[in-house]
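Novice: Return a 3D structure for these sequence lines:
(one chain, ligands or ions: 2)
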Amino acid sequence: MKCLDKGSVFWLTGLPGSGKTTLAKRVAKKLSEMGYRVEVLDGDWVRKTINPDAGFTKEERALHLKRVAWIARLLARNGVVVFCSFVSPYRDVREEVKRIVSEEVPFYEIYVKASLEECIRRDPKGLYKKALKGEIKNFTGVSDPYEPPESPDLVLDTEKEDVEESEKKLLNFVLEKLG
Ligand SMILES: Nc1ncnc2c1ncn2[C@@H]1O[C@H](COP(=O)(O)OS(=O)(=O)O)[C@@H](OP(=O)(O)O)[C@H]1O
Ligand SMILES: Nc1ncnc2c1ncn2[C@@H]1O[C@H](COP(=O)(O)OP(=O)(O)O)[C@@H](O)[C@H]1O
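Specialist: Ligands and ions are numbered 1, 2, ... in the order given. Down below sits the predicted model:
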């Protein structure tokens with residue numbers, strides 16, 4: 001087991017279906033096999049467990065993500081490498097999240113990039129289909145905004161790269177930052 005004095009927070013943002021969960025989980029598994037202590041905080045899981053009261057208005061997303069930021073900060077200050085995979089569509093909310101985390105531990109913003117057309121084509125949970133029929137309100141990309149990062153620490157272009165390439169890029173970035 002590699003005991004880091006301090007971990008870091010790797011925050012993955014992108015449209016639903018862009019590849020956040022897939023990449024966070026695959027890289028977390030690799031790091032765990034290498035002996036690091038790792039946690040993945042993922043939108044679906046946090047909304048089922050810690051924040052079952054969270055909705056999808058801007059205010060509800062902001063509160064949900066700020067709680068996640070505090071959890072990630074506490075884990076990372078105890079040596080855990082933390083992956084946060086959340087749509088996190090608003091720039092100012094991501095800034096707030098970064099402010100909370102980076103007061104104590106390193107924070108990296110990772111843009112998991114894929115066009116809306118590609119995400120609709122993938123539609124891994126069938127939610128775009130419902131949103132396009134008007135069955136889900138405030139759905140990011142369809143009836144709610146997504147504000148892409150202006151200066152992310154890393155971009156993973158999952159439309160151009162296959163899963164293995166994006167995974168390798170993310171793993172290399174994380175290992176470099178962990179030193
Ligand atoms: N209205 C609406 N908008 C966006 N996403 C929606 C919505 N309703 C349900 N879902 C599903 O919930 C996942 C997003 O949760 P997050 O906690 O990541 O969202 S946020 O960061 O608070 O914006 C997201 O999961 P991912 O596909 O993993 O991104 C969606 O599948
Ligand atoms: N380079 C890539 N990186 C990650 N996922 C990819 C990539 N190319 C295609 N995909 C596919 O896109 C989908 C992404 O789904 P998911 O990880 O649940 O996205 P999100 O968590 O952002 O909603 C998966 O079916 C995955 O196989």
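Novice: list the buried ones in the stretch of helix or strand Trp45 belongs to?
Specialist: In this structure, Trp45 sits in helix 43-48 according to DSSP states H and E. Under the neighbour-count criterion of 16 or more other CB atoms under 10 Å, helix 43-48 has Gly43, Val46, Arg47 buried. (Glycine included, C-beta is placed from N, CA and C.)
Novice: Surely the first one and Phe86 touch.
Specialist: Yep, that's Gly43 we're talking about. Yes. Judged on CB atoms under 8 Å, Gly43 makes contact with Phe86 at a distance of 4.8 Å.
Novice: shared neighbours of the two, anything?
Specialist: Lys20 (CB atoms under 8 Å, 6 or more residues apart in numbering).
Novice: Out of the buried residues of helix 43-48, which is nearest to ligand 2?
Specialist: Closest approach between the buried residues of helix 43-48 and ligand 2, by CB to the nearest ligand atom: Gly43, at 7.3 Å.
Novice: for the closest one, what are its contacts?
Specialist: So Gly43 contacts Lys20, Thr21, Ser85, Phe86, Val87 (CB under 8 Å, 6+ apart).
Novice: Could you export those residues as a markdown table, including secondary structure, neighbour count and pLDDT?
Specialist: Below are those laid out as a markdown table (DSSP: H, G, I helix; E, B strand; the rest coil; neighbours: other CB atoms under 10 Å; pLDDT from 0 to 100):
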| residue | secondary structure | neighbour count | pLDDT |
| --- | --- | --- | --- |
| Lys20 | helix | 26 | 98 |
| Thr21 | helix | 21 | 98 |
| Ser85 | strand | 28 | 98 |
| Phe86 | coil | 26 | 98 |
| Val87 | coil | 22 | 98 |
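Novice: If anything else comes up later, I'll come back, but that's it for now.
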